[in-house]
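1. Pasting a predicted model and its sequence here:
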Amino acid sequence: MKKITTTGFAFFCALCSAQITLTKDVSFGNNGTVQLGTTDISSYHLSHYNAPIFQGNKLFVNQPIYDASGSLVGRKFYRLNHNGSLDATFGTNGEVTVPTTNYNSNNFYADTNKFYLDSGEKYFSNGLQDTGFGNVNTPLANNDLSHYKIVLPDGKIIARNPQNIKKYLSTGAPDTTYGNNGVVALDSSLEFTLNNPGGLKYFDQNFLYEVVLDVDNLPAYIRKINITTGNLDLSYGQNGNSYFYGTLTSPIYSLGSAYVPQSNALFIHNTDGTMSGVGMAGQLTRTNAAGILDTSFGVNGVINYPSFHTFNGDDYIVTVNDPILYQNYIFILFSSFDNATGDQKFELMSYDYSGNPTTINNNLHHIFQIFYNTNNFYKNLVLKVKDNYLYAFAENKISRYIISNATLSTSENIETKESLQFINPFQNELNFNSKEKIKSIEIYDETGRLVLEGKNSTLDTSALERGVYMIKITMQSNKVVSKKGIKN
């Protein structure tokens, strides 16, 4: 039986459109992981509510600070270099501590010179507060999802409040040219309340694409609001609201939605429910620019996946998380918790936009991270993709993985990644042809061990054994290209 199963899996993988490889980036932090602060109550865990922001090749994150009684007393901000080290040009040795008791004090914008807090303050990169900046704070009592702010390309600030939209100049003063002295009232049906909060998914010129949450705090739909008029764009979806449920039967839960980068208002949605009475089942769908289901996505507009399943004796359930997007691949995160041992495992599955399962490190079920003996404290894992890196945020640790989506084939003679080319499979020499100058090349074996490195476009690989390798090429612009290679 085992032999049949193995053969069937190999045949199934042959039908997969591609193979994704996740390799721990050992050049980041300490063997691929950066630890910030401690895990005690004074420096609580990182999460997506703490808004990690990428500034080019730098990463901007923050942590709330609690006293011994569990009361919020401040927030610490960090800026990391591309290699995971603290950026000494930011604050004091890469850190800025802001005393605050406001739970809405996480950042909503940051660039190389400044960052803004959701509570309405502006700070410079040296850690000093801009005392001349007007306060744009409009929180709704203890509900982080009931308002949001965005910075426009011209430096002006849009504040979406429970009942209105306000626009501010870059100085923090009201933009009196907008609406009625800087304020546009929203239709009462668009009001955020404690029972029906929401958040921003995408901003496009004069429109806000908002996710609206239901009474269970789960995403229910996405709506499109005209910020000039304060009204729904009734041409979007069904009367201004996108309908993204596929063929699942009620009750249906929306687990998250993600904007497709550089698209015309395309969103990938993750839903969970039942299918033909067979129990829990998940579906991925995509809505187009008009806010309706895109039937060219997946199979007749949907991609089905097992939202609850058993793998290697562990029961996994899909997490409430936005789909993680990389090129035309979708990652779904699952979690398993052992009440007896306190061990928690996170699993990744992947599909391409055509609905084909994609293997991750040659497995359809990839055990991504394991936390042992968690003392029955459920950990929150947040994933974000930047370029060809996958960042994992858990507690006070950040891990980085190199993503490669090369499909291995011995009949494939040349691999191309944009303007980079090399012969694959290779033998005793690797030659890279690139329009951009190559800064460095690193080659890792299948265990993640660095086995060869160089700074030229040609590498002597005669000392490498035959096998599969991960090749990491850093360009002069610090852009990283990672590919799989076969040594014959």
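-> Arrived safely. Numbers count the residues shown, from 1 in each chain.
2. rest of the way, CA atoms for contacts and neighbours
-> Will do.
3. nearest spatial neighbour of residue 364, skipping sequence neighbours?
-> Excluding the flanking residues, the one nearest residue 364 by CA to CA, 6 or more residues apart in numbering is residue 349, at 6.2 Å.
4. and that neighbour, helix, strand or coil?
-> Using DSSP: H, G, I helix; E, B strand; the rest coil, the structure places residue 349 in strand.
5. And the pLDDT at it?
-> Confidence at residue 349, expressed as pLDDT, is 92.
6. Then residue 158?
-> pLDDT recorded at residue 158 is 90.
7. quick check, it in a strand?
-> Yes. Counting by three-state DSSP, residue 158 is found in a strand.
8. Verify the stated contact: residue 259 with residue 270.
-> No. Contact criterion CA atoms under 8 Å: residue 259 and residue 270 do not qualify, at 11.9 Å.
9. Settle it for me: which of the two has more neighbours?
-> Taking other CA atoms under 10 Å, residue 259 and residue 270 do not tie; residue 270 has more neighbours (26 against 21).
10. so how far is residue 333 from that one?
-> In this view, residue 270 and residue 333 are 11 Å apart by CA to CA, to the nearest Å.
11. Please give me every residue in contact with residue 200.
-> Listed by CA atoms under 8 Å, 6 or more residues apart in numbering, the contact partners of residue 200 are 148, 208, 209, 210, 211.
12. do the same with residue 28
-> Contacts of residue 28 (CA under 8 Å, 6+ apart): 34, 82, 83, 84, 399, 400.
13. Over to residue 452?
-> 442, 443, 444.
14. swap in residue 314?
-> Applying CA under 8 Å, 6+ apart, we find residue 314 in contact with residue 336.
15. For the residue nearest in space to the middle of the chain, grab phi and psi.
-> Centroid-nearest residue in the chain: residue 384, 2.4 Å away (criterion: CA atoms, centre = their mean). Dihedral pair for residue 384: phi -140, psi 140, per degrees, to the nearest 10.
16. any idea how far it is from residue 202?
-> For residue 384, the distance to residue 202 (CA to CA) stands at 16 Å.
17. can you tell me the helix or strand for the closest residue to residue 306 other than its chain neighbours?
-> Once flanking residues are discounted, residue 306 sits nearest to residue 281: 5.2 Å by CA to CA, 6+ apart. Here residue 281 is covered by strand 280-287, with elements defined by DSSP states H and E.
18. Show me what secondary structure element comes after that strand.
-> With DSSP H and E, the next secondary element past strand 280-287 is strand 302-305.
19. tell me what that following strand is packed against?
-> In terms of contacts (3 or more CA pairs under 8 Å, 6 or more residues apart in numbering; DSSP states H and E), strand 302-305 is packed against strand 280-287.
20. and with 10 Å instead?
-> Secondary structure elements in contact with strand 302-305, counted by 3 or more CA pairs under 10 Å, 6 or more residues apart in numbering; DSSP states H and E, are strand 267-274, strand 280-287, strand 344-352.
21. what comes up buried for the second one?
-> When you say that, I think you mean strand 280-287. Neighbour-count burial for strand 280-287, counted by 16 or more other CA atoms under 10 Å, picks out 280, 281, 282, 283, 284, 285, 286, 287.
22. Show the average pLDDT along that strand.
-> 86.
23. picking up where we left off before, so which of the contacts of residue 28 comes closest to residue 94?
-> Lowest distance from residue 94 to these (CA to CA) belongs to residue 84, with 11.0 Å.
24. Hmm, the closest one is touching residue 391, no?
-> No. If you go by CA atoms under 10 Å, residue 84 and residue 391 don't touch, sitting 11.4 Å apart.
25. Who has more neighbours out of the two?
-> residue 84 (21 against 17).
26. Determine whether the claim that the more buried one is in a helix is correct.
-> No. According to three-state DSSP, residue 84 belongs to no helix; its state is coil.
27. Output the below-cut-off pLDDT ranges for the stretch 1-150 of the chain.
-> Across the stretch 1-150 of the chain, residues meeting the criterion (pLDDT under 70) sit at 1-18, 38-51, 135-146.
28. What ranges does the stretch 51-200 of the chain have for its helices?
-> Applying DSSP state H, counting those that start in this stretch to the stretch 51-200 of the chain gives no helices.
29. one step back: pull the contacting residues for the residue nearest to residue 364.
-> Applying CA atoms under 10 Å, 6 or more residues apart in numbering, one finds that residue 349 lies in contact with 305-306, 330-334, 357-360, 363-368.
30. correct me, but residue 94 touches residue 58?
-> No. Assessed by CA under 10 Å, residue 94 is found out of contact with residue 58, at 11.3 Å.
31. Are there residues contacting both of the two? Which ones?
-> Contact with both residue 94 and residue 58 is made by residues 79, 80, 81, 85, 86, 87, according to CA under 10 Å, 6+ apart.
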